[in-house]
Structure formats: structure tokens, C-alpha cells
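Chemist: My questions are about this predicted structure, shown below with the sequence.
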Amino acid sequence: MRLSHFFEELSSAYDAELDDLLTDSAGHDVLAQRLRLKRSQLPELLPMIEFSPEMVAVTFHKGMDFSCPEVMRDLASQDPEDLPSWEILLESVHLQPWASELAKTVLDAPNGERFLVITACLEYLHGRSKPSSESGDRRQRNDFDDERSDAEGDGDDIDLEEAGADWLAEQGFDRKDRNSGDN
């Protein structure tokens, strides 16, 4: 799947926002509590939909189901000015009853419709990702890039590491040998 630059950046920020909400300082899972709080604060958060939509979009986390993945994949490749209306997208997005109530509040806000379209895409992309390791992260990035072949991606990580090591050495840092365990 090819992601537009817009959704690539927002998707990363959305995942990070959910990660921030996941645990408290003691490491306890508090995501459900924090999401309930954010949902109750939605009217106060609405001014943020223009400059930090990912921070408000999490209020819809797990509140959307997608009946037509092709539509969502197409949406993820769109630039912000090319996004469809919420009414059109709603044919492929089904809201949980609680999320439907939140959507009514959002639709009363300026640019609420555009925000819901963005939120649906972010929630769809988050549901597709969920890598469990760094190698999973690499695999996920490659899944979104139709331009690259699997064979092409095999040596890229090593080349990037070498290029990074070369650049650091040029800046005066000691080069670490990858095989010596100094990493």
C-alpha cells in the first residue's frame, strides 16, 4: 500500500499518541481509562483538530469497522486536498454506537467532516500495523511502499547503517565495528 506523505506522518504520530496513553509511569495499562477521559473531554479538544488531529483522533480508537479495505487503502494514498467527504466515506466505515455519538459532536465543529475522514484513515492504518519488533517496523514500512521489491529491500538496511557510520566518522566519531559487539 502506498501512503501519501500526509498520512505517513500522521499515522506515525497517531501510533505514538496511543503509545503515550497506553501505560502510566508504573507501567500499568491505563489506555481504557485515558481514552474514556479524552472522550469525555472531546468538546474541549475540538480546536486541536486543525493542528494536531492525531491527539483528538484517538478518541475514536476501536470505534470504527471497515467494510471496504480497498476504499481505505485508496484514501491512505490521498493528499489532504483530495480527501472525499465524510458522507461518501461513511459507506465504507461503520461506527460503534458510542463513536457515532462522538461523531455527532465532531460534525458540529468547523472542519469536523474532514477530521472524521482523517480519523477513519488513521484508525484503519493503525489496525493494519501493530509490529512487534524493529524488524516488524521495517516490514511494515515496506508493506506500504509498492515501489520497492522484496529483493531490493534486503540490502538497504546494511547500506543505511554503513552510510550512517561513514557520516559519523566524517564528523569525528569513532567507527564501531558491528561484529565486535560494541553496538
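Modeler: Great, that's in hand.

Chemist: Helices of this structure, residue ranges please.
Modeler: For the chain, the helices defined by DSSP state H occupy 5-22, 31-40, 42-45, 53-57, 69-76, 86-89, 97-107, 112-128, 134-143, 150-153, 156-170.

Chemist: Among the ones you listed, which comes closest to Gly63?
Modeler: Of all the helices of the chain, helix 97-107 sits nearest to Gly63, with 2.9 Å by C-beta to C-beta. The way it works is simple: take the backbone N, C-alpha and C, and place the C-beta from them, glycine included.

Chemist: Any chance of CSV for the helices of the chain, columns distance to Gly63, mean neighbour count and mean pLDDT?
Modeler: Putting the helices of the chain into CSV (distance: least, C-beta to C-beta, whole Å; neighbours: other C-beta atoms under 10 Å; pLDDT from 0 to 100) gives the following:
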stretch, distance to Gly63, mean neighbour count, mean pLDDT
helix 5-22, 13, 16, 95
helix 31-40, 9, 15, 96
helix 42-45, 12, 13, 96
helix 53-57, 10, 21, 96
helix 69-76, 15, 17, 95
helix 86-89, 15, 15, 95
helix 97-107, 3, 15, 97
helix 112-128, 8, 22, 96
helix 134-143, 23, 13, 37
helix 150-153, 34, 10, 42
helix 156-170, 36, 11, 62
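
Chemist: Now Leu48. Nearest residue, chain neighbours left out?
Modeler: Not quite, residue 48 is Met, not Leu. Ranked by C-beta to C-beta, 6 or more residues apart in numbering and with sequence neighbours excluded, the top spatial neighbour of Met48 is Val56, at 5.2 Å.
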